[in-house]
Structures are given as structure tokens and as C-alpha cells.
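K.L.:
with the sequence up front, the predicted model follows.
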Number of protein chains: 2
Amino acid sequence: MDIRAFCEPKSIAVVGASSNRKKLGWQILSNLKKGGYSGKIYPVNLKSDRILGLKAYPSLLDIDNSVDLALIVIPKKKVIEEVRKCAERKIKNIIIISAGFKESDKEGKRMEEKIIELAKQNDLNILGPNCLGLINSRKKINLTFSRFDLVGGRDSRIACLSQSGAIGSSLLDWFSDKNLKLTKFISLGNQAVLKENDFFYSLRKDKNIDLVVAYLEEISEGQEFLANVTRLSKIKPVIIVKAGRSQAGSQAALSHTGSLSGSRQATEAALERSGAIVAKDLNELFDLLELWTGLVNKSAEKIFKGAKLYIVSNAGGPSVISVDIASDNNLEVGAWPKGLKVKGLPATVHSRNPLDILGDASSERYQKALDALLSKKDIDVILAILTPQTATEINKTAEVIIKLNKKHKDKFIVPVFIGEASLKKARRKFIKSYLPIMYFPHQAIFALAKFSQYFDSLHDLRPYNLGNGRDSKMMVIEKVDENYEVIKNNYQAKLVLGQSLDYLESIKLLKKYQVPTIETKKFVDVKQLKKKNFPLVLKAVGPQLLHKTDKKGVMILIDAKQLKKHLPAMKRLAKGRDNYLVYQPYVEKHLEMIVGFRRDSNFGPLVMVGWGGIYIEAIEDVAWGLDDIDFDRAIQMIKSLKSYKVLTGLRTGKTYDIKGLAKTLVSIAKLARENVDIQELDINPLLVGEKKVIAVDIRIII
Amino acid sequence: MDIRAFCEPKSIAVVGASSNRKKLGWQILSNLKKGGYSGKIYPVNLKSDRILGLKAYPSLLDIDNSVDLALIVIPKKKVIEEVRKCAERKIKNIIIISAGFKESDKEGKRMEEKIIELAKQNDLNILGPNCLGLINSRKKINLTFSRFDLVGGRDSRIACLSQSGAIGSSLLDWFSDKNLKLTKFISLGNQAVLKENDFFYSLRKDKNIDLVVAYLEEISEGQEFLANVTRLSKIKPVIIVKAGRSQAGSQAALSHTGSLSGSRQATEAALERSGAIVAKDLNELFDLLELWTGLVNKSAEKIFKGAKLYIVSNAGGPSVISVDIASDNNLEVGAWPKGLKVKGLPATVHSRNPLDILGDASSERYQKALDALLSKKDIDVILAILTPQTATEINKTAEVIIKLNKKHKDKFIVPVFIGEASLKKARRKFIKSYLPIMYFPHQAIFALAKFSQYFDSLHDLRPYNLGNGRDSKMMVIEKVDENYEVIKNNYQAKLVLGQSLDYLESIKLLKKYQVPTIETKKFVDVKQLKKKNFPLVLKAVGPQLLHKTDKKGVMILIDAKQLKKHLPAMKRLAKGRDNYLVYQPYVEKHLEMIVGFRRDSNFGPLVMVGWGGIYIEAIEDVAWGLDDIDFDRAIQMIKSLKSYKVLTGLRTGKTYDIKGLAKTLVSIAKLARENVDIQELDINPLLVGEKKVIAVDIRIII
């Protein structure tokens, strides 16, 4: 949805505008006027004729001219009536500030549902209810009751979407302190109609926005979210704070794939897939903003892409700590430029990075060191660490950093001044020059690492496509080919039992997707077996036997004698309805991996690959991905596993068929996309040999 | 060493005192005078008669009275001469501020070695060289050239030891901003003579110190450090920032134990054992200090012991994030007190923790909610989260928090005001009342979790004892009993080869320490075997066969026929000098674990337990401990493993012999202590069954 018009109304009605300074209706109208909005403003108030010098109207219906947007800030009980009037007046864009709806009680919930219904019937765009409003500072529109003044200050070229009004307030307060204008701010509130997804498209198209910040408590439509955010991330960085990480829905799942997954994995896999920069909490968000807003007019891509850590410091300790932090954050420490010898430094200064210019470093020494490093082509960003020692020229050094940041227009010196009382003046200087205030190396290095990882991986970010069968609930498996009819009928019948798909049918399904599977036959009688069939694996399969190994339902048998001995027990095990015995040839000397998927209600199928066998819950070596993985991404997932060491020869010297494993993962993703009735699937083990992979056990939950 | 006297001299000579304000000699003398030191001060300067109103002496030798401590701040070339004079005058306590020694060049290193020699010969306590000096604020001694005024301010009752002068400067600057006095500050400099270990004892005894902060780049004597810090931690919390975490010395190690270890594991295991609170970097350190200094005169133990997270907030978002952070930091979120209904809150406020008192919360609403929760016996600490919204009474709420902190003398409300511009006044109020300034929930929750974990685990902290054979390099294994003589002789001969101890001798050694080992016999001839010996495991062992499995040096053979078939290949494998074949009975259905140790040059033996087998480097499921573990700690280590799930029945339903595993670990620790010539040992696999454990393979490196 393109709701650019929503953010740029040419005329605005404020329903509930008030002359009482204590009321939100006064504050909003006052903010709108003070901000310098150039369009028409229509205060609506039953009792007053004029408010804040503007002609007021008793009702929306009394306004003669057309109205682009109506903001409603009145007691909740009257809100529905005003929404009706909007519909009557064909006012499509509405902001409901009023609270007391879904978030408060049953009556509120009912009223909100009524609003949603009205919106659907009349095609209304409604922001809120229970929100802080909207700011579009370039159009001088401040439709919030925020206490922060939006006049003056540098345009940050940042947009913020927030599901929490309070976080929005804190952000606005932070921007205000930095004398920055938050370019666009959208408080989503209860998201009755307009949701986070509705704004991503217009933020992507908005040439005045360089960075998007989103604070989200829930992601409303996972796959639409991915489609939007991957596309947005491709154009500009998106920082997402996702609250509620720890509240993983922990439903007991039938299969392994399920028990290792849950909404936490889904959200993590989705956020990784989205290309967004993820901030774990508010301090991480503000560290990122601090670094970004310090860039002023420099090119973020030029500075952050391929960035390595370079440090000039008057203290060894913080430099050592910085190297530790860089290692924690996977940021490479840059090598000292070949042959560079900085002139004018004491002989005892060693030419290396981090560069320790000693405790008595003057501002001149900082100037020389920073200038020399910045004149190297490959060095675009440097941390200037200062601790307040006796000889330290704190303020002069601050000025040196400010000047060098101007001189090297396309490079970035990040000051990290560690201390407090003696640094206040220097910090004010930095704020005045829009340079970041970093109290400790951690803040700068964390943010630097995140932005550089974003720009470094931009090339590999693929847009997530809706469709491909994923969003079509109609595309059921019988469509694939005629054989599927059988399966479909089969499992329909068995839903009543274990909700698991018949074993032999499951194997057939894998074959359809070119997953190599071991030859598996139904066991009827000892007579059907010849000597060459041994050693074999006899398995009891069926809806009551989902964890075969736990129930001793898998036996390796070396000859007919052994088979006869164990057969009675196995037959007893397979007694239940729809259970039976199968046999497979015995395969050895392969590595046991697991491949599978789990269908998340929000993000669709999550595929997984990991170390298999019976102990997967203990080894916890699993990588998750979305269902649109390609071969390269499958390889990446496999490389992220601990078992990758084993796949590449740890202890055995063997190299296993990693390509075959990756292909299987891609096939399973396709199977997941195309068979929307399958909830969970796992192949465990998928035996991986040196030249091939073979699925030897399979479990499909419908 | 008790160097309390060092910190409380009754008379001080300042060698290099100067009338030139730009010289450190002036700054130090001026700081000492300004601080109000009540003892005798003797400036020493060749040219001046009086400095800063004090009589000056041309040389230390010219001072008639006794001198308790001499501080030397003169060009490095003259330092040795002055140290000699101190020795002559029997001045035992010396601080050398001058730099240019070990840290700068070879000549400096030679001079520092000379100083160390003089100190040994004359029993001198020397702090530095290349240090910032020493502060003992209760004795009004400021022997630093720090720019920070030590007059006025509340006594923090905190001592700081720092190997980095710069970090010390930043700390002093931070304390100064908070109007706090750092009670003791010791800048360690090059640690030529006095090291961090020399100060722990006196800090433990110092009743005026409640908290110790140590910034360390290297730990000079690991075991002495552990002995000191465990004892200190038992009395008061110690926060340690250990820089250089990531620079793990990564020497290729011969055995598994070695290749998984390295100095990083050693330091981590040692810091955990020490009982200290570990801060990863400076921001973590300052978050801890922020919370601690906010306690003022309240009992840290009362407040932090058993602490859970309680929150009162005017915003839902930060509360959700706080719960995430608590989960990340293993801090429990407290249950809402049974039956508690806070009076005077709107009906829409839900009685639950975190308590959301809504966006329009007044200061009165904060007051009521906080007061009601604090009046519950079990709630000692609460976060008061505030975001600046329209109706928010920022300053009044700050006052409410200050008042309640006074009213509830033994409880603690931590304000977390999120934002910036509008909060400055409230923050000034908090600083004035010595309450902490927390910008984000993360800071408060991280620090709260760390302190509460410290107080919660205090009971279990055992002092680390030197001795027990650990510190005696003379105690070699032949002393254990006469059998050891053989081993000793054996491996002495084999050091030339693989540096590994003979296989059968290794098994004997395990038996001495009551480690159950599998029956292992040297294989000579097929004739020695009977039918009952099969199935058996044939192994090629010896110095060139440390990784037997990699080289196919382990075979499971079911009968004599198989044995004969494979014997020629095995014999070829075992051809090298001191290699031979052994055989063991075949044991199945046990879990493969690993137990072993690695001797760290600094901390002594590090014992380990983990998931065994050939893939341990990939599974990475290993717990490390010091060699003084007891049975309880061994159980704790095992419980921290991922494989603990398997040991307690995951998938198999079996419970394995965890006690036997723990006992083996304790035995191996004893073996490590008593056999100082053994560098590394690993039993892999140690087979763990339901009722017993058996070592089936062993490797000992000398």
C-alpha cells in the first residue's frame, strides 16, 4: 500500500481541538500551528468559534471545503460517530489519538472492531487508535501531542515507526537534545487498520529518508513483512528493535524440528532474512543512532562498507579492550598501512594499530596521527580514543577532531572520550558539530560493526517474494501429480490417528522432490528376503511410533536367524492401527544430519539443517532459514554449523557431500512451499557420505 | 604481603618536587598539600630551598628525620641512584612515577631490572615505575598527578587497582562528576616489584572499603591471584575488568584437551573460580559502579541477595524489553505479590509485574505503586521506568523516587528515565541525592543481575588454597609410591619421542587414583586369546599414535578369524619405536564422555569434562574448572553441559552414572595436583554407563 498521501495532507481537521491548554486537543493543534504547517487547518469543537486564532467548526459535516485528513482526539465513546462522519465526507485518512480501546477492556475491543468494520466498508486509512500521532517534518506537519518542539535543528533524514508511543517520546526527546529533527515519525498505536507493513513501501520511495527505525512488539503479517523489509533494506538501512524476544511460545511439538523451533527461532530467522539491522534493546538502538547521526553529510556506504577497526589513543588499556570488543562483534582490526611512518610522533610510539600516541599526547599529536591515517585510501573511519590525563589537551583535541572531520569530507573520525567531569565542554563542542558522543569504545565499535555488516552483505540480499505457492492456501499437494491424489487420500484418513503422514507415502513424496531416499519396503514375511538383503534395518513405523528409536523400533539385523529372533517383539511393537514394519539396507560410515522444516503461523515454513541422530536436542547444532533459500544460502547455513568441521574432515580426513546436503535443503524448502498442508517434516537421519546423501528416516506431520 | 603501611605513610619525601607548575613534581606536591595530608612532607630538589611554602632538601640524604615513603618523579636516568639512596636511608616504601622503562626500550628494560635487583637486595616495596601514583583519601594522601580534586564529596568506600593509568584517570573523572571520593586508588604501572596480588590482602582487611575494582591486563601469578581474590570476594565484591580477552594464545596442542583450551579458557575458568564479578568492558564496569554508588548507605547484601526484577513503568515497551534483558542475564522476573491491589490506580491498570501505570501516570501514581510494592517484605529493589510523555511529571516523579528511597531505608528504587533533553533537571536531582543515572533498562538490569548473582553464590565460594603440591615444583611423581619410579624412568626415556607417557603405564597411573579403567593387555600373539576374549578391541598405541582413530588404529574384532585378517595392517601401524598393540574387551551401550586436564602456566591445572568421542572439537560441549574442584563443583560442571540432558535420559530414558563421572573428575584433579610433570591428560572416551564409568582410552603428555 502506498500511503504517501496519508503523510502529506493538504488540509487537516482536528476533531476535538480545544482552547483548554491541558487538553491533548489544544496541544496537537498548537503543535501543528507552531510547526508552520502551510495547509488548511480546521479545528472541530462543539462549543468554540475560534481556537488558537483559527475558525472552528461544530462538526466535520460543517466544513465546506475538502479535508484530506482528520485527526480525532475526543473521548472514546464518541469516536465511532466521528469515523462515520469521515466516511460520509469521504475523508479517507484518519488518525485516532483517543485511547481506551482494545488495550483496555471488552467494550473498547468491541468499539475497535466496529472501527475496523467501518474502515473496510469505506476504504479508510486509519492510524491508531491509542497512538501518539504522526510527524512529517519536511511538510511541517506535527500531528502529535509530543512535548518536543520541531522547529529548528538539522534534518536527520531518519524515519521512525513505533508500536510504543513511549519509545517514540524517548526518541523524540533524544533527537531534541541533539538539535536534530526526526524527519518522519509514525506512532502505530493499536494498529486497528494501518500496520507497520503499510508504511514500508512509502518509506522506501521517500528520497528524503536515509535510515528507518522500527520499534515492534509484534510483526503483524510475517511474510508481507519480509517482502517489505527485504526490499526496503536493499535501498536503505532499517534498524529493528523487536521487543518480546524472550517470550518464546513453547508449545510441545510432535517432531524434533518442532521442539527445537518455536516463535523465537522463527522471528530470529525472519529478522536475519529481512536484511534489517537488529538492535536487541534500547541502548543498542541509541548507539546505532548516535553513530549514524554523527555522519552528517558523509556517505554511510563509503564509510561503513568494508570498514575495519582503526584506533588512535592516548591510552593502551582502552585500546586493548577495543580489540576484545571488535572480536566479540566480528569486526576486523585493520593492518597498519605498509610503510606508513607518522611524522612528528615521539620515537617510542610504535607504528601499529591501535596506535598508542602515549599518555602525554598533545592535540597536535592526535592531529598528526589521525591526518596521516586518514590520508590512506583504504581507511575511512577511525576511533579517536581520549582519556583525561594530566597533559591531555581535551578541548583542543576535540577541535582537532572537528576540523579533521571537515577536512576529510568523505571520512569519519569517531571521538571516544572516556571520563565525565572534565569532558563536558568537549562533548558540547561535538554536539554542536553534530559529532557522536561515545562514552565507551563498546558503543562505537558495536555500531560500526553493525553498519559495516549491513553494507557488506547488501549485495547478497535478495528480495523475499510473496507467491510461489506460499500465500495460496488453495494449493494443496494433490495438484503436483496424480500420485499425490493417493497420498492426499491416505493422510486425510489418518489425521484422526497420529496426524502423521504414512511412512511409505512420505518416502514417495521425498522422491518427487529429488531427495535421494533409501530403498524401503514393507515387511510382510521372512520369505521375501534373500541372503543379499542382509544386513538390514528393520523398522516399526506408524502414527504411534514417531520416536522409533526411543521405543526400540529400529533394529540392525545381520542374518535371517537374528531376524527371526527379534521379529515377534517388533511385530508386537507395530501392532497398532496403521503401524507396520519396513526394511531397508544397512548403510554405514556416513554422517548423520537432519534436514526438515516447520511451518510458522506468521512467517511460513522455516527450513532447518543440523547435526542429526538421536541427540539433536542436546547438541543444539541447527541452522534455520526461510523457505526461499537458494543453493548459496543453503551452503551458508551449513557453514554456520558446528558440524561443518566434521563435514569438512575433522578427525576422519573425509570430505562429505556438502553440495548434496545443500541441494536436499533447497528441495525441502520447495516441498514446504508447495505443500501447505504439511506442518512439519524432518529427515533424521539424512546420511551424508563422501559422494552422496540418503534420507533413511522421515517423519511428516500434517 | 600486608602493605597497609605503604598506603599510610606518616612522612613522605617527594624526589623531584618542583616550583614549575608544568612539572609533574609540582602537580604531585600541590595535590598532596591541597588534599590536607597531615604528615610530614619533604620536597627534594637540588636547586630550590622552598617549594610551595615547604622547606626543600637538596637530597634524600639531607633529610634529618625518618621518611616512611619516597615518591620519585625525576628523569629516568637518575631514578636508580635515588632508589639506592632510599635503600641507604632505609626508606622501604617507594613510588616511582617516572616512565621510560620496560615499556619503552631496551635501555629502559635494563634499568627496570636493576631496580628490581635493588628491591630484592634491600627488601624495598616499589610501586611503578610508569604509574599515576596512589590515593588514600581517608588519610588525605593524594600522591598522583591526577587533575582531579580530592577535597569534598562523599566517600565512595571503593578501592581501585589499575594496571592502566589512563583507565584510572577516567575513573577519577567519573567519580569527580558524581561528587564522590574514590577511597583508595593504586596505579600499578609496570609492576616491577609490587603487583596486583600484593594489594588484595590489605584491601580485604580494610574496613573502610566495601567494593574493589581491578583493571588488569595480565594476571601476574595466577594461583596466588586465585588465593587472594577468593578470600577477598568472600568478604566484599571485587569487580574485575580483564583486558585482552580475545588475544588467546593459540598454540597447537598435542591432545584434545589442549586444543580446546588455551589461555582464554584458563583465564575464564580462573575468573569464575575467583568469585569476582567480571566486567567485559568499560561500559559494564561503569554500569556496575553506577548502580553500586547509588546505594549510598543501604546494605548491598540485603538489597541484592535473592533480588528479582520488579518494574513500575509509564510505558509498556521498555517493560517488555526489560523482561527480555532479564532473561538474557538470568535474572528472574518477580511474581506479583499475592493479593496486592494498589489503591488509587486507574481501574485499567492490571496488577502484574512489570506494573504498567499507563502513559498518563502522574508522580502520585508512581508514588502509590512504588510505595505499595516496597512495603512487601520480599521486594527490596524496584526499577522505576519513566518515558517523557505529555502528562509525565518528570521532576516531581524524580522527587517522589528520592523521597521513597529515603523512606524505605533498606530498599532501593532505581530510576530509569529514558530520553534526554527533558530529563536533564531530574538527572541533576538524582546526582545530588547520589541516586544512579540509568539511561536504559539494560544498564540497571545487567548490574542488578551481576550483584545479585554475586551475593547469591557467596555461600558456595570456597577459598582457593595454595599448597597441596600445586605450588611445589619439586614434588614429582616418583614420590607417590615405588611403582612410580618405573613410570618416571619410562617416560624420561620417551620424552625424546612423542613426549607421551607409555600407554600401559598411563593406565596404571589412573588406577592409582581410583579411576575405573578397562582391562588392557599388551597383545603379543593370537595364541594368548581365548574365545571368551571376543569381541575385543585391538588398539595400536604409542608416541606416534596419539590420534589412534584418525589413523585407523582402533578395531572392533568379533572373532579370531577377523583378528588374523586385520593383524598384519595393525602390526604395520604399530611398527615405530615404543609403539605396540593392546587389546581390551568390547563394551557397548555406554555414553562417550571426556575427562582430562591441561596445565596452564599461570593458573596450574585446568580440569575439564565434556561430551567425548571423536567429534569433541565440533560439539564443543566442555566445562572447565580449576584443580581444586570438589564433588559438588564437579556435579555443577556436569550440569552445565549440553550432554547433561543425555546423561539424564534424553531419548534413551536411561539415567547414567553422573556421580561416578563427578568422582572421576575429582580424582583427575587430584592426579593433576600431585603430578606436576604431567602437562596434559585426557581420558577419551570415558564410557559412562547406568551404574559405572570406565576409562577406555587415555593419553598423557609430559
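P.N.:
Cool, the structure landed.

K.L.:
just want the phi and psi numbers for A:V554.
P.N.:
With angles defined as degrees, to the nearest 10, A:V554 shows backbone torsions of phi -130, psi 130.

K.L.:
which residues touch it?
P.N.:
Contact criterion Cβ atoms under 8 Å, 6 or more residues apart in numbering or on different chains gives A:537-540, A:548 as the residues in contact with A:V554. Glycine gets a C-beta too; all of them are placed from N, C-alpha and C.

K.L.:
buried subset of those?
P.N.:
Burial by neighbour count, 16 or more other Cβ atoms under 10 Å in any protein chain shown: within the contacts of A:V554 this picks out A:537-540, A:548.

K.L.:
out of the contacts of A:V554, flag the one nearest to chain B.
P.N.:
Out of those, the one with the shortest distance to chain B is A:K548. That distance is 10.9 Å, counting by Cβ to the nearest Cβ.

K.L.:
residue ranges of the strands in the stretch 551-700 of chain A, please?
P.N.:
Residue ranges of the strands in the stretch 551-700 of chain A, as given by DSSP state E, counting those that start in this stretch, are A:554-557, A:580-585, A:591-600, A:604-611, A:622-626, A:680-688, A:693-695, A:698-701.

K.L.:
tell me which of those lies nearest to B:K184.
P.N.:
Nearest to B:K184, of all the strands of the stretch 551-700 of chain A, is strand A:622-626, at 50.4 Å by Cβ to Cβ.

K.L.:
ok, the nearest residue to A:A372 once chain neighbours are set aside to chain B distance?
P.N.:
Distance criterion Cβ to Cβ, 6 or more residues apart in numbering or on different chains; nearest residue to A:A372, sequence neighbours excluded, is A:V342 at 4.3 Å. Taking Cβ to the nearest Cβ, to the nearest Å as the measure, A:V342 falls 17 Å from chain B.

K.L.:
did I read that right, A:V342 in a helix?
P.N.:
No: following the definition DSSP: H, G, I helix; E, B strand; the rest coil, A:V342 is coil and is not counted among the residues of a helix.

K.L.:
check it and give its pLDDT.
P.N.:
Among the per-residue scores, A:V342 shows a pLDDT of 95.

K.L.:
residues contacting it?
P.N.:
When the contact criterion is Cβ under 8 Å, 6+ apart, the partners of A:V342 are A:349, A:351, A:355, A:368-369, A:372-373.

K.L.:
list only those of those residues flagged as buried.
P.N.:
When neighbours are counted using 16+ other Cβ under 10 Å, the contacts of A:V342 contain these buried positions: A:349, A:355, A:368-369, A:372-373.

K.L.:
got the buried residues for stretch A:582-600?
P.N.:
By neighbour count on 16+ other Cβ under 10 Å, the buried set for stretch A:582-600 is A:582-586, A:590-600.

K.L.:
can I get that stretch in CSV, CA atoms only?
P.N.:
Only the C-alpha atoms of stretch A:582-600 are listed here, as CSV (Å, rounded to 0.1, in the frame of the first residue of the first chain):
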residue,chain,number,x,y,z
VAL,A,582,9.6,-51.8,6.8
TYR,A,583,13.1,-52.9,6.0
GLN,A,584,16.0,-51.0,4.4
PRO,A,585,19.5,-52.0,3.5
TYR,A,586,22.1,-51.2,6.3
VAL,A,587,24.4,-48.2,5.4
GLU,A,588,27.4,-47.4,7.5
LYS,A,589,30.2,-44.8,7.7
HIS,A,590,28.0,-41.9,6.9
LEU,A,591,27.5,-38.8,9.0
GLU,A,592,24.0,-38.4,10.5
MET,A,593,22.5,-35.0,9.7
ILE,A,594,19.0,-33.7,10.0
VAL,A,595,17.0,-31.7,7.4
GLY,A,596,13.5,-30.5,7.8
PHE,A,597,11.0,-27.7,8.2
ARG,A,598,8.4,-26.4,10.5
ARG,A,599,5.5,-24.2,9.3
ASP,A,600,5.3,-21.0,11.4
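
K.L.:
report the mean confidence score over it.
P.N.:
89.

K.L.:
which parts of the stretch 251-400 of chain A sit against chain B?
P.N.:
Taking Cβ under 8 Å from any Cβ of the partner chain as the criterion, the stretch 251-400 of chain A approaches chain B at residues A:280-283, A:286, A:314-318, A:320-321, A:323-328, A:348, A:359, A:387-390.

K.L.:
any quick PyMOL command for the buried ones out of these?
P.N.:
PyMOL command restricting these to the buried ones, with burial defined by 16+ other Cβ under 10 Å:
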select buried, chain A and resi 280+281+282+283+286+314+315+316+317+318+320+321+323+324+325+326+327+328+359+387+388+389+390
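
K.L.:
give me the phi and psi angles of A:I186.
P.N.:
According to degrees, to the nearest 10, the main-chain angles of A:I186 amount to phi -130, psi 110.

K.L.:
in TSV, list the buried ones among the contacts of A:V554 along with pLDDT, distance to A:K645 and secondary structure.
P.N.:
Rendered in TSV, the data for the buried ones among the contacts of A:V554 read as follows (pLDDT from 0 to 100; distance: Cβ to Cβ, whole Å; DSSP: H, G, I helix; E, B strand; the rest coil):
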residue	pLDDT	distance to A:K645	secondary structure
A:V537	89	28	strand
A:L538	91	33	strand
A:K539	90	30	strand
A:A540	89	34	strand
A:K548	65	29	coil
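
K.L.:
fine by me, we can end here.
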